[in-house]
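>>> With the sequence up front, the predicted model follows.
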Amino acid sequence: MRTKILLTIVILFCIAFTSNAQLNKGNYLLGGSLSFSNVKNTSTPNNAYTDNYFGANVQLGRLIKNNTVLGVIVSYSSSNSHLTGYPDSNYNKGNTTSAGVFYRKYKRLVKDLYFFGEVDGVFSHSKSNQANSNYYYVTKTSSDGGTVSFIPGISYAICNKMYIELLMPDILAASYNHSTTAYTSGVPPVLTSGKGNNFSFDTKLNSNFLSSFGIGFKFLLGKK
């Protein structure tokens with residue numbers, strides 16, 4: 001039912017804007033996502049758990065010249081998994097906030113069909129807390145880091161104000177992360193702490209390349 005409603009909205013939107021699509025200087029591109037879930041597992045009564053997740057992402061860019069976009073990315077996510085009967089003593093929860101910039105270049109292949117390449121630079125801050133009263137431990141971790149990534153894709157104008165995209169997230173990515181962890185365990189509790197740094201370079205050019213493609217939408221805002 002929800003799928004039919006979404007398709008109806010898309011069709012009506014495109015009927016309202018049927019002129020030829022143009023990625024002209026001065027317009028804006030808007031995209032994003034919103035997701036949430038609430039899962040309860042009661043198959044094992046003594047270990048029933050609840051799992052909550054929320055995520056939001058916004059990408060807004062301005063066409064600084066024809067077929068070239070410069071913009072910002074902002075995202076937030078949070079999760080909370082815990083034993084249903086013990087939400088304050090047996091849990092694993094965390095949140096991540098990210099902000100950055102992107103640069104995207106389009107190349108027209110045929111009418112309304114484009115290839116694009118996008119470079120992202122994003123800074124992220126995350127916190128996580130894990131506790132288990134049965135084993136008397138609590139772990140708190142805070143991390144900060146940055147990622148630079150390259151994303152290619154295909155974009156097709158299904159109408160002059162909406163583009164559907166086929167993209168490969170982070171086909172190339174280099175990232176750095178600094179983390180601080182505080183670990184409390186035992187009775188009476190003993191506190192230990194540690195710090196770590198991690199640098200990584202990742203590529204998805206492997207046998208699972210095709211399984212990592214994603215589909216998204218972009219809306220063109222403006223009158224040019």
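Received, thanks. Fair warning: this is a prediction, and the values are worked out from it, not measured in the lab.

>>> C-alpha only now, for contacts and for neighbours.
OK.

>>> quick one: least confident helix or strand in the chain?
Ranked by mean pLDDT, DSSP states H and E, the weakest helix or strand in the chain is helix 2-16, scoring a mean of 46.

>>> any idea which residue sits dead centre in this structure?
The C-alpha lying nearest the average C-alpha coordinate of the chain belongs to Asn57 (C-alpha atoms, centre = their mean; 5.9 Å).

>>> Quick one: residues contacting it.
Contacts for Asn57 (C-alpha atoms under 8 Å, 6 or more residues apart in numbering) come out as Gly32, Ser33, Leu34, Ile73, Val74, Ser75, Tyr76.

>>> what two of the residues you listed are the furthest from one another?
Greatest spatial distance in those: Leu34 and Ile73, 13.8 Å, computed using C-alpha to C-alpha.

>>> From the centre of the chain, point out the most distant residue.
For the chain, the largest distance from the centre (C-alpha atoms, centre = their mean) belongs to Pro188, which lies 40.6 Å off.

>>> The closest residue in space to Phe217 that isn't next to it in sequence: which element?
The shortest distance from Phe217 to any non-neighbouring residue, by C-alpha to C-alpha, 6 or more residues apart in numbering, is to Ile164 (4.6 Å). Using DSSP states H and E, Ile164 sits within strand 162-167.

>>> Then Pro152?
Under the assignment here (DSSP H and E), Pro152 is part of strand 137-159.

>>> Are there helices or strands packed against that strand, and which ones?
strand 113-132, strand 162-167, strand 172-185 (3 or more C-alpha pairs under 8 Å, 6 or more residues apart in numbering; DSSP states H and E).

>>> ok, that strand: who's next to it in the sheet?
Its sheet considered, strand 137-159 pairs with strand 113-132 (antiparallel), strand 162-167 (antiparallel), strand 172-185 (antiparallel) by DSSP bridges.

>>> That strand: how far from the chain's middle?
In this view, strand 137-159 has its centroid 5 Å away from the chain centroid, taken as C-alpha atoms, centre = their mean, to the nearest Å.
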